[in-house]
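*Asks:* Build me a model:
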Amino acid sequence: MGKLVITGGARLHGTIRSSGSKNSTLAIMAGALLGKGETILRNVPQIGDVRTMMDMLRALGVHCEEVSRGVVRIDATEIGTTEAPYELVKRMRASFSVLGPILARKGYAKVAMPGGCDIGARPIDLHVKGMQALGALVNIEHGYVEAEGDSLHGAQVYFNLPSAGATQHIMTTACLVEGTTIISNAAMEPEVVELANMLRQMGARIHGAGTPTVRIEGVKELHGTDYTIVADRMEAGTFAVAATITRGDVTIEDVRPEHIEPFVLKLREVGAVVDMYDNAMRVRCNARPMATDIMTMPHPGFPTDLQQPFAAMLSIAEGVSVVTENVYERRFKYVNEMIRMGADIKQDGRSAVITGVPKLTGAQVTAPDLRGGAALICAGLAAEGVTEVSGLEHVERGYENLAGKLQELGADVGPVSNNIERETILV
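*Replies:* Residues are numbered from 1 along each chain as shown. Below is the predicted model of the structure:
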């Protein structure tokens with residue numbers, strides 16, 4: 001889809017279901033490399049990043065196929081090559097996470113330096129230091145990370161910052177390492193917990209996932225398993241913003257309340273009525289949102305992936321809001337596009353001061369990255385007139401059939417992309 005055309009003003013109303021979590025799926029697919037035998041993953045979202053990871057596993061000589069909608073079969077009994085190709089790693093940062101599992105299985109791995117959305121510095125130093133603590137010899141040159149280690153061992157690993165990616169990466173590597181590994185100041189994101197749950201089903205011994213200290217007791221071998229991917233809390237949050245910004249009434253099914261609590265508390269501060277159920281949430285709003293301040297932090301703080309959509313909503317809130325981004329410094333690339341739509345946003349470094357305006361106006365805008373694109377779409381839903389959002393390839397990396405779901409809720413959007421639904425990703 002080249003662009004999404006949105007005629008703003010429709011109040012969203014109805015019920016939709018969250019797709020599987022992008023971030024959980026990508027980490028779990030990398031983790032599946034550790035197991036000999038067949039692994040079945042269910043509730044896999046049909047998005048661009050998953051297709052890229054499937055291509056990565058195939059490039060490594062691993063059998064990987066979609067056997068039915070949302071069900072992926074992986075057999076990593078044999079890993080054909082220990083080198084991950086540059087053309088795939090440059091497309092998505094999460095594909096770098098295959099380094100550790102390959103190293104643990106084969107004693108050697110070579111993976112290109114990661115790419116992905118340009119949202120700020122995401123150094124791999126925590127990943128590298130963790131590998132080195134486990135006894136790996138790591139060499140970085142010519143755009144590649146090369147790791148070698150025939151006798152890896154358990155170790156104490158301390159992170160200066162609680163990085164979800166590094167926590168997941170070292171956790172997977174340590175599963176097949178002799179001895180006990182303790183990760184201190186570990187990330188506590190739900191996606192870390194989900195990966196640990198899946199690895200335990202494969203035979204791993206992991207304790208403390210979801211707390212600042214994770215303990216992994218190495219085992220000699222892991223086996224395949226059957227695992228259902230948790231719902232995507234970022235997608236649920238995006239639709240909650242869309243409901244609020246349009247003064248709508250939307251029920252989002254398949255939501256874990258404990259995964260989204262910090263976001264929900266802030267949503268209530270702006271005046272939305274949020275009802276949480278065992279496995280769903282209802283969001284409704286019948287007035288202009290009220291201003292509030294948000295500050296992104298690692299979990300259980302406000303999630304950085306929902307900063308942009310939330311800021312789009314604050315652009316029409318009554319009063320002045322301050323948004324502080326503590327995770328990625330280039331998360332404000334969408335601001336200039338919002339200004340084109342009439343938003344009053346003054347950004348300086350890692351903070352943005354948003355003075356709410358009564359209305360936004362439709363304009364031609366371009367999605368700078370995945371979540372920035374979601375923010376512009378939310379803004380377009382509330383804007384007066386027509387908004388054309390280009391750069392939809394970023395959005396389709398992480399949202400499954402976003403335009404189609406918005407249409408189900410009454411939004412005037414089109415053309416709807418059916419590319420992901422029609423496109424076969426079978427071997």
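
*Asks:* ok, residue 266 - how many residues close by?
*Replies:* Residues lying near residue 266 (other C-beta atoms under 10 Å) number 17. (Glycine included, C-beta is placed from N, CA and C.)

*Asks:* Which parts of the stretch 301-427 of the chain are strands?
*Replies:* Applying DSSP state E, counting those that start in this stretch to the stretch 301-427 of the chain gives strands spanning 320-324, 344-348, 351-355, 364-366, 386-390, 412-414.

*Asks:* Output the ones you listed as CSV; include the columns distance to residue 234, mean pLDDT and mean neighbour count.
*Replies:* Shown next, in CSV, are these (distance: least, C-beta to C-beta, whole Å; pLDDT from 0 to 100; neighbours: other C-beta atoms under 10 Å):
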stretch, distance to residue 234, mean pLDDT, mean neighbour count
strand 320-324, 17, 98, 18
strand 344-348, 22, 96, 14
strand 351-355, 20, 97, 18
strand 364-366, 21, 97, 20
strand 386-390, 18, 97, 20
strand 412-414, 20, 93, 18
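
*Asks:* Reformat those as a markdown table; add distance to residue 170.
*Replies:* What follows is these, written out as a markdown table (distance: least, C-beta to C-beta, whole Å):
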| stretch | distance to residue 170 |
| --- | --- |
| strand 320-324 | 29 |
| strand 344-348 | 34 |
| strand 351-355 | 32 |
| strand 364-366 | 37 |
| strand 386-390 | 38 |
| strand 412-414 | 41 |
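
*Asks:* between the ones you listed, which gets nearest to residue 45?
*Replies:* strand 412-414 (19.5 Å; C-beta to C-beta).

*Asks:* Just give me how far that closest one sits from the chain centre.
*Replies:* Relative to the centre of its chain, strand 412-414 is centred 25 Å away, using C-alpha atoms, centre = their mean, to the nearest Å.

*Asks:* That strand - contacts with which helices or strands?
*Replies:* Applying 3 or more C-beta pairs under 8 Å, 6 or more residues apart in numbering; DSSP states H and E, one finds that strand 412-414 makes contact with strand 3-7, helix 402-408.

*Asks:* List the pairing partners of it within its sheet, with orientation.
*Replies:* Sheet partners assigned to strand 412-414 using DSSP bridges are listed as strand 3-7 (antiparallel).

*Asks:* Identify the residues contacting the strand it pairs with?
*Replies:* When contacts are defined by C-beta atoms under 8 Å, 6 or more residues apart in numbering, strand 3-7 is touched by residues 362, 377, 380-381, 383, 385-390, 392, 395, 403, 411-415, 417.

*Asks:* Quick one: mean pLDDT over that strand.
*Replies:* Across strand 3-7, pLDDT averages out at 96.

*Asks:* hey, C-alpha coordinates of it in PDB?
*Replies:* Extracted C-alpha coordinates of strand 3-7, given in PDB (Å, rounded to 0.1, in the frame of the first residue of the first chain):
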ATOM      1  CA  LYS A   3      -0.600   5.500   1.100                       C
ATOM      2  CA  LEU A   4      -3.600   5.500   3.400                       C
ATOM      3  CA  VAL A   5      -6.300   8.000   2.700                       C
ATOM      4  CA  ILE A   6      -8.300   9.000   5.800                       C
ATOM      5  CA  THR A   7     -11.400  11.200   5.900                       C
END
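
*Asks:* where does it sit relative to the chain's centre, distance-wise?
*Replies:* Put simply, strand 3-7 sits 24 Å off its chain's centre (C-alpha atoms, centre = their mean).

*Asks:* Give the buried residues for that strand.
*Replies:* Residues of strand 3-7 classed as buried: 3-4, 6-7 (neighbour count, 16 or more other C-beta atoms under 10 Å).

*Asks:* quick one: contacts for residue 29?
*Replies:* Counting by C-beta under 8 Å, 6+ apart, residue 29 touches 41, 50, 53-54, 57, 72, 74.

*Asks:* If we use 7 Å, what do you get?
*Replies:* Neighbouring residues of residue 29 by C-beta atoms under 7 Å, 6 or more residues apart in numbering: 53, 57, 74.

*Asks:* And residue 190, by the same measure?
*Replies:* Counting by C-beta under 7 Å, 6+ apart, residue 190 touches 230, 233, 259, 299.

*Asks:* list the helices and strands the helix or strand containing the third one packs on?
*Replies:* Element membership of residue 259, judged by DSSP states H and E, is helix 257-269. Based on contacts counted as 3 or more C-beta pairs under 7 Å, 6 or more residues apart in numbering; DSSP states H and E, the elements that helix 257-269 packs against are helix 233-245, strand 273-276.

*Asks:* re the thing from before, which one of the contacts of residue 190 sits closest to residue 288?
*Replies:* The closest of these to residue 288 turns out to be residue 233 (C-beta to C-beta; 26.1 Å).

*Asks:* tally of neighbours for that closest one?
*Replies:* For residue 233, the neighbour count with other C-beta under 10 Å is 27.

*Asks:* Give me the distance between it and residue 21.
*Replies:* Residue 233 sits 7 Å away from residue 21, taking C-beta to C-beta, to the nearest Å as the criterion.

*Asks:* which stretch among the helices and strands packed on strand 412-414 comes nearest residue 162?
*Replies:* Nearest to residue 162, of all those, is helix 402-408, at 29.5 Å by C-beta to C-beta.

*Asks:* what distance separates the closest one from the centre of its chain?
*Replies:* 20 Å.

*Asks:* can you check stretch 98-114 too?
*Replies:* Relative to the chain's own centre, stretch 98-114 is displaced by 22 Å; criterion: C-alpha atoms, centre = their mean.

*Asks:* which other residues reach that stretch?
*Replies:* Contacts of stretch 98-114 (C-beta under 7 Å, 6+ apart): 30-31, 33-34, 56, 60, 79, 82-84, 86, 89-90, 93, 95-96, 124, 131, 136, 143-150, 152, 169-170, 172-173, 175-177.
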